[in-house]
Structure formats: C-alpha cells, structure tokens
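S.K.: fold the following.
(one chain, ligands or ions: 2)
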Amino acid sequence: MSERHPIIAITGSSGAGTSTVQRTFEEIFRRDGVTAAVIEGDSFHAYDRRTMREKLAECEAQAACQLSHFGPEANLFRELENLFRAYSETGGGMRRKYLHSAEEAEAYGQEPGTFTPWGELPTGTDLLFYEGLHGAVKHEEVDVARFVDLLIGVVPVVNLEWIQKLHRDKSTRGYSTEAVTDTILRRMHDYVHYICPQFARTHVNFQRVPMVDTSNPFIARSIPTPDESMVVIRFANPRSIDFPYLLNMIHNSFMSRANTIVVPGGKMELAMQLIFTPFIWRLIERRKKALNQ
Ligand SMILES: Nc1ncnc2c1ncn2[C@@H]1O[C@H](COP(=O)(O)OP(=O)(O)OP(=O)(O)O)[C@@H](O)[C@H]1O
Ligand SMILES: O=C(CO)[C@H](O)[C@H](O)COP(=O)(O)O
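M.R.: Ligands and ions are numbered 1, 2, ... in the order given. Predicted coordinates:
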C-alpha cells in the first residue's frame, strides 16, 4: 500500500478476461488524465516458450507432471513482489514484455514466445497497473497482494472461462482444441492451489455467469455474449459502497447478498466505471496530498 505510488492489480486465470477489463481501465485513465505504468503478468513467466516446452517435455517424461504457467516454478513470483515493493516505495522498477504472437514480436524484431529485455519503468507515472495471473499471489515468503491498493478479481464461472480460453487460444494464438484441453488439464493442480486462493484476497470480484447452456465447453461454437450473461460483483468490504446509487444507475441490477450486486452482462463496463472512477479519484487526490507534504 502506498499513498505516493499506488498499485491497482487485475488478477484472473488465463482467458478470464483480464485484458478485456484492462481496456475499461485505460478508458477511465484516459478520461481522467491518469498516467499508468502497465505491467502484463505474462512478462513474469520464468521461461520463454521454447524453454517452457523443453521443461514440459522433461517433466512429462516423469509421472504426474504438474508444471504449469499458474504455479511457482514457471513464474518469477519473487521478482514480481520486488517490482511491487519498488514501485510502492519509489515509483520505479523493472519490466519487460512477453511477445505472444508473430504480430507483437515483429514490432520488436524478435521471435514470438520470447521476452523483450528488462527495462526501467517510465518515470512520473501516477500509478502502477498490473493485469495477469498473479496480482494477489502468496507463496512461501512471497506476498504480492500486500503491496496492492486495489485488487480486482476477474473470474467467469469455470465453463465460461474455458470457452473463452479455447476461443482466444485457437483464434489468436494458433493452438488446437486438443492442445488447449491438455493445457487446462495439466494446470488443474496449480489452478486450485495458486489461482483460486487469490480471489479471497481481492477487494472486488467480477464473476461472469452465462445464461445459456455451456455444459460442454469443449464443443461450444462461440463465446456467450454479454447479453447472454449476468455479472456477479462481490465486495470484500461493502461498507464504503453506495449500493442504492449503483442499483439506481444500472438498469435491471439487483442485490443477491448484502455485499453482492448482480448486473446484466452488457452493463459490466458501466458498473466498473461507476465503481472504480471515484476510487481512482481518491487515489490520485491522496497521492497529490502526499507529494505536497
Ligand atoms: N465480458 C466479456 N464478454 C464477452 N467476451 C469476453 C468477455 N471478457 C473476455 N471475453 C473474451 O474472452 C477471451 C479471453 O479474454 P482476455 O484475452 O481478456 O483474457 P485474459 O484473462 O487476458 O487471458 P490471458 O491472461 O491468457 O491473456 C477473449 O476472446 C475475449 O474477447
Ligand atoms: O495463459 C497463459 C498465461 O495467461 C499462456 O498460456 C502463457 O502466457 C504462455 O503463452 P504461449 O502459449 O503463447 O507461449
């Protein structure tokens, strides 16, 4: 937590929709003139694609291989914690990028599946914005969550998450249904142990729930649309949330528990803007005050 250098983290599994939510935040930042240093969680993988494939081949030669991009062995948890600590103390730190596609890689003159070199964050940013798998991770002595001022979980129900991952990995990353299915299966142990526990440390969770049949995600031909879904929004600490305002502003929303509001899928972006814009104003006000002291 830092008054001068706050951190916002969006955390979610692969295909959950964290990159999609990032675009909503970019819109809020643009409108309010907030400059953010953006961190993509994939840049804290431990291995490039080729090395990860070699490690997986070695691992799969043994019984019960559980190596995955969700767990500690394939990620730099310590370095991620160091970045969050450094940013909260100084507003600086080191970042890089993981280049997934040929298109992204071409811009850097590199191969897809490689990292750009580490480089310093730009100076003078108002906040750090993390989007990825491990914004609230805790493992052994590493505790990334403790440095984050606003922690948001993006967690579709699991069938929908798999449909979203299958479609994205097939359409933009060139994988087959079988390859994505194998990845989902291999990651299950780490999903339970390193992804799920994070959603008990977040301040707000957004859970998209489809209103159409997704009972076999492996044959779904399309991703359920926002209009075919509802979003369950749960606040860890509801005391400061103006629920009557949200219910009034978001047509067809309702409370399902004392700390939970449900909104139509198409209103998720509006809900995020209504909930987070005042929060970001407060973070920026607090930062200005702290810098002037
Ligand atoms: N609210 C939504 N409504 C409809 N489709 C969505 C929604 N959120 C995400 N998707 C779709 O799901 C797929 C995965 O989303 P996205 O790329 O944002 O996931 P991600 O969490 O960033 O995944 P990764 O961490 O693996 O990059 C995309 O095809 C995206 O268009
Ligand atoms: O889901 C992921 C992380 O969220 C990806 O599987 C991981 O980043 C590896 O990517 P690629 O298969 O493109 O090398």
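
S.K.: residues of the stretch 151-293 of the chain that sit close to ligand 2?
M.R.: residue 173 (C-beta under 6 Å from any ligand atom). The way it works is simple: take the backbone N, C-alpha and C, and place the C-beta from them, glycine included.

S.K.: what segments of the stretch 151-293 of the chain are strands?
M.R.: Per DSSP state E, counting those that start in this stretch, the stretch 151-293 of the chain carries strands over the ranges 204-210, 229-235, 254-257, 260-264.

S.K.: cool, and the stretch 1-150 of the chain?
M.R.: For the stretch 1-150 of the chain, applying DSSP E, counting those that start in this stretch gives strands covering 7-11, 36-40, 94-95, 98-99, 114-115, 119-120, 127-132, 138-139, 142-143, 150-154.

S.K.: okay, those in a markdown table with mean neighbour count and mean pLDDT next?
M.R.: Formatted as a markdown table, these follow (neighbours: other C-beta atoms under 10 Å; pLDDT from 0 to 100):
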| stretch | mean neighbour count | mean pLDDT |
| --- | --- | --- |
| strand 7-11 | 26 | 98 |
| strand 36-40 | 20 | 97 |
| strand 94-95 | 17 | 96 |
| strand 98-99 | 22 | 97 |
| strand 114-115 | 16 | 98 |
| strand 119-120 | 10 | 96 |
| strand 127-132 | 25 | 98 |
| strand 138-139 | 17 | 96 |
| strand 142-143 | 16 | 96 |
| strand 150-154 | 24 | 97 |
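
S.K.: I'd guessed residue 168 sits against residue 17; true?
M.R.: No: using C-beta atoms under 8 Å, residue 168 is not in contact with residue 17, being 9.5 Å away.

S.K.: and these two? Which one has more around it.
M.R.: Neighbour totals were compared for residue 168 and residue 17, and residue 17 leads with 21 against 18 (other C-beta atoms under 10 Å).

S.K.: now the more buried one: closest residue in space, sequence neighbours ignored.
M.R.: Distances taken as C-beta to C-beta, 6 or more residues apart in numbering place residue 154 nearest to residue 17, at 5.2 Å, with adjacent residues excluded.

S.K.: please apply the same query to residue 71.
M.R.: Using C-beta to C-beta, 6+ apart, the nearest residue to residue 71 is residue 190, at 3.7 Å.

S.K.: read off the pLDDT value for the one you found.
M.R.: Note on residue 190: pLDDT of 96.

S.K.: with residue 172 instead?
M.R.: Model confidence at residue 172, given as pLDDT, is 85.

S.K.: is it in contact with residue 104, as I believe?
M.R.: No: counting by C-beta under 8 Å, residue 172 sits too far from residue 104 to count as a contact (10.2 Å).

S.K.: which bits of the stretch 1-150 of the chain sit near ligand 1?
M.R.: Residues of the stretch 1-150 of the chain lying near ligand 1 (C-beta under 6 Å from any ligand atom): 12, 14-20, 132.

S.K.: next, format those residues as JSON lines and append distance to residue 34.
M.R.: Converted to JSON lines, these look like this (distance: C-beta to C-beta, whole Å):
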{"residue": "12", "distance to residue 34": "22"}
{"residue": "14", "distance to residue 34": "27"}
{"residue": "15", "distance to residue 34": "28"}
{"residue": "16", "distance to residue 34": "24"}
{"residue": "17", "distance to residue 34": "22"}
{"residue": "18", "distance to residue 34": "19"}
{"residue": "19", "distance to residue 34": "19"}
{"residue": "20", "distance to residue 34": "19"}
{"residue": "132", "distance to residue 34": "20"}
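
S.K.: intersect the residues you listed with the contacts of ligand 2.
M.R.: Answer for these near ligand 2 (C-beta under 6 Å from any ligand atom): residue 14.
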